[in-house]
Structure formats: C-alpha cells, structure tokens
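1. One predicted model, sequence on top.
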Amino acid sequence: MALLSIENVCVSYDKVEAVHNVSLSIEAGQIVTVIGPNGAGKTTLMMAIIGLLKSTGRMEYLGQDLSRLEVESRVGQGLCLVPEKRELFHDMSVYDNLILGSYSRQDRSQVPQDLDGVFDRFPRLKERRSQMAGTLSGGERQMLALGRALMSRPKLLMLDEPSLGLAPLIVREIFRTIASLRETGVSILLVEQNARAALETADYGYVIETGEIVQSGPANTLIHDEKLIAAYLGGH
Ligand code: ATP
C-alpha cells in the first residue's frame, strides 16, 4: 500500500485552476520529486496535500481518506511541510525553534534523543544553538527548517524548493542531507526547480507543467531523458 496516493486532484484559486487532474503516489521510505518551472503548481499541490487549500479528487494517506482530516490532524499523523520561505521564529534561538518543532507529537520522552539526532546531522546548528534564528545565513536557515521538521518525527516530509537561493556548495550539502534521511525511514516529497539535483536524490520523479503532470518515471531514467535535459537540466 502506498503511503500517500492522490488521484485526479484539482486545485483552484477562485475560478483559475492551478492544479489539474494530478495523480501520484509515494511508497513508504521513498523520495519522490515533482519538478517543473515557476508557476507550474508545485507549491499549490503541497498546500492541498497538507490541507491548507481545498481540492477535489481523491487523496489517501496511510489508507485513509485525507479529505476527512483537518490540517492539525494531518500534521498529527505525520504529514509535515517545510515551506519555500523557511519560516522560522526569528526572535527565538536555534534550540527553541527545534523544540517548537516537536510540539505536535505525543511521545515527549524521545524529544531529547531526537534533538541530539538533529545536532549530529547538522553540527552547524549545534554550534549555533543559542543564536537567534533571524541572524542565521540562508543555508543555516534551511538546515534549521529541516531540523525543526524532523523534530516532529514526520512520516511524510514535504520540502518546497529546499535549494532556492542557496550557493551551490550549500545546495549539495542540503541534498546530501535529504538523501541521508532515507535511513530514518521517512518518506519525502521534494518539489524543485533544480531538476538535476532533485533527480539525483530521488527514487521517482514527476514533471509538472501548467498544473498537469506531463511525464513521470524512475529518477535515474528521467535524468537521461533528452527532452527533459534540454528543458530542465541545462543541456548537459
Ligand atoms: P514556483 O516554483 O515559482 O514556486 P509553483 O510551481 O510552486 O511555482 P504555484 O505557486 O503553485 O507554482 O502557482 C501555480 C499557479 O497558481 C500560478 O499561476 C500562480 O500564479 C497561481 N497562484 C498561486 N497562488 C495564488 C493565489 N494565492 N491566488 C491566485 N493565484 C495563485
């Protein structure tokens, strides 16, 4: 059974449809990427999955109909969205931001252990644990946004353009971290304009253009597709 399976999902802003008949599925432990240009509907799709936007069609998560669950219940059941803007509590420390990430979970006794796990994964956050989040660099903010999400012990982590605006070295570090999350058993839906890095990291990929899925396949096949290379992968 897929962890998340969506079928013929449509999302509209007033009368304008931004996502049209999208179907996709994510197996437990898989990294799935949705790649596509600006305005293709990637953020809209993730907002609908977490329940912040209304949608039509079918969405099943852990075998249950998602449309019956409010946003809070979806989060409580392990759905977690890291938005593109990496919204943090700027006037709070790195440590406090991480602790806030654990508020949705029941098993409080494991929080210190998970905090150690996040600090092991991101030594830079450990060094800066008392620093205010608002003073972090772009890459450190992305690390903190990821770390805070991990503190909720997600089953499905949805990442909206984690590489946006970051220097190439930091982008590589962020994608290495995303790939390493596989060992924790978390499933990942990765939405990206940086198609090459996303396909190198993912197991399976979907290409979205003007709200519709136009292509899909194993990531290691898509990365060699000539049409895709010409459109999204810089022609190499
Ligand atoms: P990007 O990579 O630039 O973030 P995206 O693929 O995430 O783009 P969306 O942000 O989902 O694309 O936008 C899809 C379409 O919906 C776009 O045409 C956008 O202009 C439109 N849209 C997004 N948000 C709204 C809104 N609040 N009201 C009306 N239209 C919107």
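-> Perfect, I can see it now.
2. switch to C-alpha atoms for all contacts and neighbour counts from now on
-> Fine.
3. Show me which residues of this structure sit near the ligand.
-> With C-alpha under 6 Å from any ligand atom as the criterion, the chain comes near the ligand at residues 13, 18, 37-44.
4. Closest to residue 136 out of these?
-> residue 43 (24.4 Å; C-alpha to C-alpha).
5. Quick check: phi and psi at that closest one.
-> Dihedral pair for residue 43: phi -60, psi -40, per degrees, to the nearest 10.
6. Break down this structure into its strands, ranges please.
-> Per DSSP state E, the chain carries strands over the ranges 4-13, 16-26, 31-35, 56-61, 64-65, 79-82, 156-160, 187-192, 204-209, 212-218.
7. List the pairing partners of the fourth one within its sheet, with orientation.
-> Based on DSSP bridges, the pairing partners of strand 56-61 within the sheet are strand 4-13 (antiparallel), strand 64-65 (antiparallel).
8. Ok, the third one next?
-> The partner list of strand 31-35 in its sheet, established with DSSP bridges, is strand 187-192 (parallel), strand 204-209 (parallel).
9. Residues contacting the last one, please?
-> When contacts are taken as C-alpha atoms under 8 Å, 6 or more residues apart in numbering, the neighbours of strand 204-209 outside the stretch itself are 30-37, 40-42, 199, 213-220, 222.
10. Compute the number of surrounding residues for residue 72.
-> 12 (other C-alpha atoms under 10 Å).
11. That one: what's it in contact with?
-> Going by C-alpha under 8 Å, 6+ apart, residue 72 touches no other residue.
12. Give me the residue ranges of this structure where confidence is low.
-> 234-236 (pLDDT under 70).
13. can you list the domains in it?
-> According to automatic domain parsing, the chain comprises the domains 1-78+155-236, 88-153.
14. Surely residue 23 and residue 10 touch.
-> No. Residue 23 is beyond contact range of residue 10, at 9.6 Å (criterion: C-alpha atoms under 8 Å).
15. Just the CA coordinates for stretch 59-79, please, in CSV.
-> C-alpha atoms of stretch 59-79 as CSV (Å, rounded to 0.1, in the frame of the first residue of the first chain):
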residue,chain,number,x,y,z
MET,A,59,-6.2,11.7,-1.5
GLU,A,60,-5.4,8.7,0.6
TYR,A,61,-2.8,8.8,3.3
LEU,A,62,-2.0,5.7,5.4
GLY,A,63,-5.1,4.1,3.9
GLN,A,64,-7.5,6.8,5.0
ASP,A,65,-9.3,9.5,3.1
LEU,A,66,-7.4,12.7,3.7
SER,A,67,-10.3,15.0,2.9
ARG,A,68,-11.9,14.0,6.2
LEU,A,69,-8.9,15.3,8.2
GLU,A,70,-8.3,18.9,9.2
VAL,A,71,-4.7,20.4,8.9
GLU,A,72,-4.0,19.7,12.6
SER,A,73,-4.9,16.0,12.2
ARG,A,74,-2.8,15.7,9.1
VAL,A,75,0.2,17.1,10.9
GLY,A,76,-0.6,14.9,14.0
GLN,A,77,-0.5,11.9,11.7
GLY,A,78,3.0,12.6,10.4
LEU,A,79,2.5,14.9,7.4
